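> this one's structure only:
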Ligand code: ATP
């Protein structure tokens, strides 16, 4: 093994055969890719199929069944034992397949959020999929990146990484390039950046020394099988509930056994009855149905461009009460066009749309000459700029920040040639844009002078300005008021305003933030439009109808933020914006109060988002919060749903988030909330369906034994009902589409119980109907002199049919079933048809008759069954209507 950290950079690049100034050539990279394979850890070996299958068997309920089956077999009842083992096997198989599918789908989604890397190849910087990296690639790291492979650093500009995932170190680690002693331990190798760690600040360049499984992280992930957890708060709660239920039911089963035996029944018959009671009453389909419902929800959200990274988010999303969203790029298009320039005391209007440089700059409706303050403003915008315009046929595209690209377009409209200017006036140094400082500065040599250009938020730059330029480019005294008036006019019109300024460095001085706090010369203001996204207005309206408040949290100016918020319907005409500075002066209690009533937060620093989230949560809100930068990560973690941007977001933000939007669009959050509500609804629907089914089965046996009458359904028949209906009927509710009008309901209060009073009443009603119907028809048959087998067949069929009808009731919890759309969930029909076919087999096929002791029944019997089923169907519908007005949905 190589000790890269103990080698000098030149030794490393020599050994690994790469020119650090140019990177690898494309052919060399392709060849190395062949040799080393793609840069992604191969899937961990995972647990064996057998081990995963055994997991399905080692569950309390299954163990009860296995013991019962073994005892039955020992008693020589081969058919019964066979059926019990059959049930266990089929149940385990269904669970195994479904959970496997859900796990695979989740794992695939996690991979869907791909990491990109900036790489030097053949002398050019390129962005490529991190999987294409090979040893020898020279990688450029920037704040917010995830380190794509193990790198030996060649340069570090205040580079700090977060290595908690690898070494457990929670504080940022400062990186250097100095060669270290060979025995330096992993956590202290400051000249290495390891795959999977995160760049928290600064910049760096490193040469790739290991990729894929050869990286330190790759080696570790080979050791731990990283199956995504399928548990969520609700599944955990239900699992606990099921455990407790199991104990109660086992006790009841014990009582049944004892009472029956004391009554003089045979111990064997009573043992089987106790087992049937246990099996019937425990909702064993619940965990699998929950997993499937959640997995379907995740897939539906992915189709609507929201990638769920943490499964519990699917549940929480549905209960969201507040969405805090960025403005730029999420609520707006982030497609900037400069509309106005204010320089030398004059207002200029820029024509044209988008990034095509067709249009011009006018003053008082006449083409303006690009000179004096106007020219200096445009020049500053060109030099203090990292974006590029790319022409593709008739279409213009941009690389980099849209705000900066818009400045290039405006300069071109004013007759400047940005590409040439940037090439000729070489950049010596820069201070990159940072959302906290809200400006960016560059230092260029211009005609022998060292000139610094700054662009950023007006409030940050103006206090540092001592002079300005007039229309001819001569320095003049600064009239603060006129600048502020001009800026206010622009922001009120919804324009995003950038201020530009410059200063000179004395020989030998290097660029530092300290130079930008005084002695700047103000050049001008540039106002650009960034139109609201077309779907955002509708999405905001939908959120409001759904009782969800939308709050805009932006780094932009309060005037601009308010104007856009009004266009989007987030703020009303007289609303105020709260600024970051005001926010900083509030204590927690005041903040809680103010946060509840304010919809627009402007000039907010990323760190303040965390306080806001906490304040809203303290008010009892369930908060979804968007973010894209490194500094947003704490707020994303704290929020109930942290939402990161897939296109414009940093890897650090994505890593911290619960959900990633692949289109960065606000409307996608609204869509995800809608799906989240649908998932929750479907879970409740399944529970509402399954509990009476289990309750009914348990009650039938319990009642028969306690009353000392013949069992209307044999234990074996209970097993049959239980297994077939859970799979063919209940599971189909997972495929229910979200109900119409789901976004017109208020959000579910976080403390609300899973089942409200109405649903509990319905569960009791249906359980009693099943009990009464089964016993009633069974006794009726016997009183008419029919055989026991026939009476039991009728009872079993009745049970299944009522459950089938009830399945249709459960397609909507509060609305009539005929309003659900007859065919928008074909699976309920498929399941019901299959169930009916199985019941016909159960009733008429000799093989089934032999196993289950069933017998053929006649048309009149079926008529009784169907009539009772319809009666139940209608009764539940009447029950739905009988609800307090306030709960009507
Ligand atoms: P949001 O927070 O809603 O995404 P935003 O993009 O306006 O909105 P920031 O990126 O934090 O928020 O920008 C805050 C301010 O910093 C802007 O209003 C602008 O004045 C300034 N600014 C933005 N981009 C640049 C840049 N590339 N160079 C210099 N200053 C910038």
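The structure has been received and is ready for your questions. Since the model is a prediction, treat every value here as computed from it, not as a measurement.

> and residue 345, what does it touch?
Residue 345 is in contact with 373, 470, 471, 482, counting by Cβ atoms under 8 Å, 6 or more residues apart in numbering. In this view, the C-beta of every residue, glycine as well, is placed from N, C-alpha and C.

> gap between the residue in the stretch 101-250 of the chain that the ligand sits nearest to and residue 132?
Minimum separation of the stretch 101-250 of the chain from the ligand (Cβ to the nearest ligand atom) falls at residue 144, amounting to 12.7 Å. Residue 144 sits 20 Å away from residue 132, taking Cβ to Cβ, to the nearest Å as the criterion.

> Tell me the residue of this protein that sits nearest the ligand?
For the chain, Cβ to the nearest ligand atom, closest residue to the ligand: residue 555, 2.4 Å.

> Surely that residue and residue 435 touch.
Yes - using Cβ atoms under 8 Å, residue 555 is in contact with residue 435, at 5.5 Å.

> The two: who's more crowded?
Neighbours were counted for residue 555 and for residue 435 using other Cβ atoms under 10 Å; residue 555 has more, 20 against 15.

> would the more buried one count as being in a strand?
No - judged by DSSP: H, G, I helix; E, B strand; the rest coil, residue 555 forms no part of a strand; its state is coil.

> list the contacts for it?
Residue 555 makes contact with 328, 435, 438, 457, 602, 603, 604, 605, 606, according to Cβ under 8 Å, 6+ apart.

> Around the fifth one, how many other residues sit close by?
The number of residues packed around residue 602, counting by other Cβ under 10 Å, is 25.

> Let me see the confidence value for it.
Note on residue 602: pLDDT of 94.

> now the fourth one
According to the prediction, residue 457 has pLDDT 94.

> What of the first one?
According to the per-residue confidence, residue 328 scores 89 in pLDDT.

> mind checking the SS state of the residue of the stretch 101-250 of the chain closest to the ligand?
Quick answer, by three-state DSSP: residue 144 is coil.

> Stretch 452-462: how far from the chain's middle?
Chain-centre distance of stretch 452-462: 36 Å, with Cα atoms, centre = their mean, to the nearest Å.

> Can you give me the buried ones in that stretch?
452, 453, 454, 455, 456, 457, 458, 460, 461, 462 (16 or more other Cβ atoms under 10 Å).

> Filtering these by proximity to the ligand, which remain?
Among the buried residues of stretch 452-462, the residues lying close to the ligand (Cβ under 6 Å from any ligand atom) are 455, 456, 457.

> The second one: what's its closest spatial neighbour, skipping adjacent residues?
Of all residues not flanking residue 456 in the chain, residue 439 sits nearest, at 2.6 Å (Cβ to Cβ, 6 or more residues apart in numbering).

> contacting residues for that neighbour?
Contacts of residue 439 by Cβ under 8 Å, 6+ apart are 431, 433, 454, 455, 456, 457, 460, 461, 516.

> and the fifth one, backbone torsions?
Backbone torsions of residue 456, given as degrees, to the nearest 10, read phi 170, psi -160.

> ok, it touching residue 499?
Yes - under the criterion of Cβ under 8 Å, residue 456 makes contact with residue 499 at 6.5 Å.

> Give me the neighbour count for the residue nearest to residue 189 when sequence neighbours are not counted.
Spatial nearest neighbour of residue 189, chain neighbours left out: residue 5 (4.3 Å); criterion: Cβ to Cβ, 6+ apart. Neighbour count for residue 5, taken as other Cβ under 10 Å: 21.

> any bit of the lengthiest helix in the chain sitting next to the ligand?
The single longest helix within the chain, with elements called by DSSP state H, is helix 666-707. No - counting by Cβ under 6 Å from any ligand atom, the ligand is not contacted by helix 666-707; separation bottoms out at 10.8 Å.

> Give me the subset of the contacts of residue 555 lying in strands.
Among the contacts of residue 555, the members found in strands (DSSP state E) are residue 602.

> Farthest pair within the contacts of residue 555?
By the measure Cβ to Cβ, 328 and 605 form the most distant pair in the contacts of residue 555, at 15.0 Å.

> neighbour-wise, which of those two wins?
A count of neighbours by other Cβ under 10 Å puts residue 328 above the other of residue 328 and residue 605, at 22 against 16.

> I figured the more buried one hits residue 528, correct?
No - here residue 328 lies out of contact with residue 528, judged by Cβ under 8 Å, at a distance of 10.9 Å.

> Tell me how far the residue nearest in space to the middle of the chain lies from residue 717.
Centroid check for the chain by Cα atoms, centre = their mean gives residue 659 as the closest residue, at 1.9 Å. Note on residue 659: its distance to residue 717, by Cβ to Cβ, is 46 Å.

> Can you tell me which residues in the chain are near the ligand?
Going by Cβ under 6 Å from any ligand atom, the residues of the chain near the ligand are 326-329, 401, 403-404, 433, 435, 438-440, 455-457, 498, 554-557.

> switch the cut-off to 8 Å
Counting by Cβ under 8 Å from any ligand atom, the positions of the chain adjacent to the ligand are 325-331, 334, 384, 386, 401, 403-404, 433, 435, 438-440, 455-458, 460, 496-499, 552-557, 560-561, 603-604, 606, 628-629.

> Quick one: find the helix or strand in the protein with the lowest mean pLDDT.
helix 216-223 (a mean of 70; mean pLDDT, DSSP states H and E).

> which helices and strands does the helix or strand that that helix is followed by pack with?
With elements assigned by DSSP states H and E, the helix or strand that comes after helix 216-223 is helix 233-262. Under the contact criterion of 3 or more Cβ pairs under 8 Å, 6 or more residues apart in numbering; DSSP states H and E, helix 233-262 touches helix 60-74, helix 267-281, helix 286-303, helix 312-318, helix 666-707.

> could the ones you listed go into CSV alongside mean pLDDT and mean neighbour count?
Formatted as CSV, the helices and strands packed on helix 233-262 follow (pLDDT from 0 to 100; neighbours: other Cβ atoms under 10 Å):
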stretch, mean pLDDT, mean neighbour count
helix 60-74, 82, 17
helix 267-281, 81, 23
helix 286-303, 84, 22
helix 312-318, 86, 24
helix 666-707, 90, 24
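
> Which helix or which strand is home to residue 796?
Using DSSP H and E, residue 796 falls in helix 788-809.

> That helix - contacts with which helices or strands?
Looks like helix 788-809 contacts helix 666-707, helix 715-728, helix 757-783, helix 826-844, helix 859-881 (3+ Cβ pairs under 8 Å, 6+ apart).

> switch the cut-off to 6 Å
Using 3 or more Cβ pairs under 6 Å, 6 or more residues apart in numbering; DSSP states H and E as the contact test, the elements touching helix 788-809 are helix 715-728, helix 757-783, helix 826-844, helix 859-881.
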